[in-house]
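J.: sequence plus the predicted model coming up.
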Amino acid sequence: MTALTTPAPPREDASLRPVPWQRMGWVTWRQHRVTLAGVAALLGALAVLLWIVGLHVHQAYSAAAACRPTSSAICDDMFGNFSVMDGFLANGFLLQALPALIGVFVGAPLLAREMETGTFRYAWTQGIGRLRWALAKLVLLAISVTVASGLFSLVTTWYYQPYFAASNPVPQPPLAPTLFDLRGVAFPAWTLAAFAIGALAGMLIRRVVPAIAATLAVYTGLVFAAGGFLRAHYLTPVLTSSLNVPGTAWIASQWWTVTRSGQFAWAGRPPMSVLGNITCPNSGPPNGKPTMVSIEQCVVQHGYTQWTSYQPTTRFWPFQWIEGGWLLVLSVLLIAVTVWLVRRRAA
Amino acid sequence: MTALSMSARPEEDTSLRPVPWRRMGWVTWRQHRVTLAGVVVFLGALMVFLWLAGRQLHSAYAAAIAACHPANPLTCPNMVNAFNGTNDYLANGGILQAVPVLIGAFAGAPVLARELETGTFRYAWTQGFGRWRWALAKLVLLAVVLAAVAGVFSLLLSWYYQPYFAEGNQAVSLTELTPFFTGLFNLRGIGFAAWTLAAFAIGALAGMLIRRVVPAIAATLIVYAGLAFAVGGWLRQAYMTPVVTSGLNVPGSAWIVSQWWTKGGRFAFSGFPPGRLLERLCPAGPPVPVGPGHGQKAAGLAECLTQHGYTQWTSYQPASRFWLFQWIEGSGLLVLSVLLIAVTVWLVRRRAA
């Protein structure tokens, strides 16, 4: 028999070289520096805008808050002047788009572009391995966008302060949907979630523009679901039969019962059929409009009890951490699934 | 010498064939049917949603009007509050403002950018049809289709927002907006279709200039947002010379452009009175009973200053100019869109193949 001799592989090759994690930082920066610079420029420009407008808003607010005696016509006018100052920013709709935009433009093309243009054939066959390649890029970019939006959230938190101040005659409920997720830790958490959604959508769809559209749709759905349904259930709401619910409380639901029997009567506002059958001679000031409270007092006088379940303002920070926490878990899960898909895909 | 003989070209080839414009319709449909279907599905879903939300809003409005004319002291405030709180996330138009720019970015930006990015333009532009006719046919067809779809959609928007603009709302504390309200002006009438068309044209030009899809989408979003802010914040109020009045009773439906004060014929200050002046002249003036409308409250302050010899000047756009402004804005955007598409086609023609 002929002995076949093969040279033994040299020692060095058998042992894996240390994973060059550090170099992945450089690769990630090179590939995404334009995107990251765009994000920084967008957030920076908006921060400057918020700062300039915010100075005016804060000034107008402190002028109104210093006005004495409170609730005189002049002071009302000054608060009116404050509340119409920045109509386009006050309701927070514009800034709601920011996390989605960052997720769409940083997250969705991350893998979709490599797949669409075919460059993944080169990138994924490098020594580091495609799993680590995807993981390193995803984690590095996720941390970068989260930190950037965390810094931006400091500016928005400062900007919206007057709307929640205790001396404001019409304070906003801090838990109400459109401003809650622009402040505190929720804003960076939503940005991270948008990024993770974008990355997974890109990996699943493998084409950039459809992935961008899908990210927008999924993110919008998640925001609506969280603001409209989930957030109200983070903690068991406080239940009261008092009519004096603080104005800043976030009311989850209201319903009425018959006081004597405790039976459920109706949900929400008193229906016309009830209001038509009761009379309250002294509801409201003479020759003036009766206020909402007086109507409710009137209905209470007729043997009904109003129940209000609400989230008190003091739960703002617990809610922020709860929302930040589940969004972080969701994002980590989405990124893990994305990396798993990269690993599983036949090269 | 050897005689080289070449066969003469057949006569048919020297005369140009008629341009097959009609086939471009088929090509455009084949290439963009997914996008167009996406736009139709998106707008269709929004229409269903708006239809359901709008029926709620309209029935809440009808209930409020029924309860307040004549005023029932018990049910009227209840129904008014119910109406003012209905769909408050749609009331200022914030979310729907994104619809035209999304259509423009997703339908307009990739038309040329995708061909240039993937290299398919080498095939497409060397067809017998000619590259600039190719670009022109696709852009015009898509622009017309998208503007038409947006126009149909805006009929529903106009219907949805009707209750907010009814006269006499303010008298019973119902939300009443000036028809020029910045967040809603371009969602109603012909404004919505015109803005969608402009977004599409911006997207197409951005795609031709940048030649990469994702940066072109980003640029479209930025340019459109800048244009919308410039028009809403500065340009629109200058379409026609505003009416100037020194009366304190400016109609609630008017769009107030600016307010300033004079004393003895000389300019005193603009906008809201400075705090120091108020402290000196109207130190915490008499507490006026708080009326239902904002106009009455403002009058309290203005009357106090008027008694001290100040005159308030208001320049405003009356509500009767709504349709005039709609046509001015619509035709301005149409001209802009045609220009942008023309520049895009010119760039396609000029570009070295």
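T.: Arrived safely, thanks for sending.
J.: can we go C-alpha only for contacts and neighbour counts from here?
T.: OK.
J.: report pLDDT for residue 2.
T.: All of this is about chain A. Residue A:2 carries a pLDDT value of 58.
J.: that was the other one, I meant chain B.
T.: pLDDT, residue B:2: 55.
J.: same thing with the one 5 residues further on?
T.: Residue B:7 is assigned a predicted lDDT (pLDDT) of 55.
J.: go on, residue B:197?
T.: Value for residue B:197, per-residue pLDDT: 97.
J.: next one: the one 10 residues further on
T.: Looking at residue B:207, its pLDDT is 95.
J.: tell me, how many residues neighbour it?
T.: By other CA atoms under 10 Å in any protein chain shown, the residues close to residue B:207 number 30.
J.: what about it, distance to chain A?
T.: 13 Å (CA to the nearest CA, to the nearest Å).
J.: spit out the contact partners of residue A:113.
T.: By CA atoms under 8 Å, 6 or more residues apart in numbering or on different chains, residue A:113 lies in contact with A:202, A:206-208.
J.: tell me the centre residue of the chain?
T.: Just going to use chain A. residue A:181 (3.4 Å; CA atoms, centre = their mean).
J.: oops, chain B please
T.: residue B:186 (3.0 Å).
J.: which parts of the stretch 101-250 of chain B sit against chain A?
T.: B:106, B:118, B:213-214, B:218 (CA under 8 Å from any CA of the partner chain).
J.: would you map the helices across the stretch 51-200 of chain B?
T.: Using DSSP state H, counting those that start in this stretch, the helices found in the stretch 51-200 of chain B span residues B:75-85, B:88-91, B:98-103, B:109-118, B:121-124, B:131-161, B:182-185, B:191-210.
J.: any low-confidence regions in the chain?
T.: Since you didn't name a chain, this refers to chain A. A:1-19, A:71, A:73, A:86-87, A:276, A:279-294, A:346-347 (pLDDT under 70).
J.: I was thinking of chain B, sorry if that wasn't clear
T.: B:1-19, B:275, B:283-300, B:352-353.
J.: strands of that one, start to end?
T.: B:243-245, B:255-263, B:266-270, B:310-317 (DSSP state E).
J.: out of those, deepest packed?
T.: strand B:310-317 (a mean of 21; mean count of other CA atoms under 10 Å in any protein chain shown).
J.: partners of it in the sheet?
T.: Applying DSSP bridges to the sheet, strand B:310-317 is found paired with strand B:243-245 (antiparallel), strand B:255-263 (antiparallel).
J.: show me the contact partners of it.
T.: Strand B:310-317 is contacted from outside by B:237, B:242-248, B:250, B:254-264, B:302, B:305-306, using CA under 8 Å, 6+ apart.
J.: over to stretch A:252-272?
T.: Outside of stretch A:252-272, the residues within contact range by CA under 8 Å, 6+ apart are A:232, A:237, A:303-311, B:75, B:78.
J.: number of residues surrounding whichever residue of chain A sits closest to chain B?
T.: Going by CA to the nearest CA, chain B is nearest to residue A:72 of chain A, at 4.7 Å. Each residue near residue A:72 was counted by other CA under 10 Å, and the total is 18.
J.: ok, now residue A:93?
T.: Applying other CA under 10 Å, we find 18 residues neighbouring residue A:93.
J.: what sits closest to it if chain neighbours are left out?
T.: Among residues not flanking residue A:93 along the chain, residue B:94 sits closest, at 5.9 Å (CA to CA, 6 or more residues apart in numbering or on different chains).
J.: now do that neighbour against residue A:216, distance only.
T.: Note on residue B:94: its distance to residue A:216, by CA to CA, to the nearest Å, is 16 Å.
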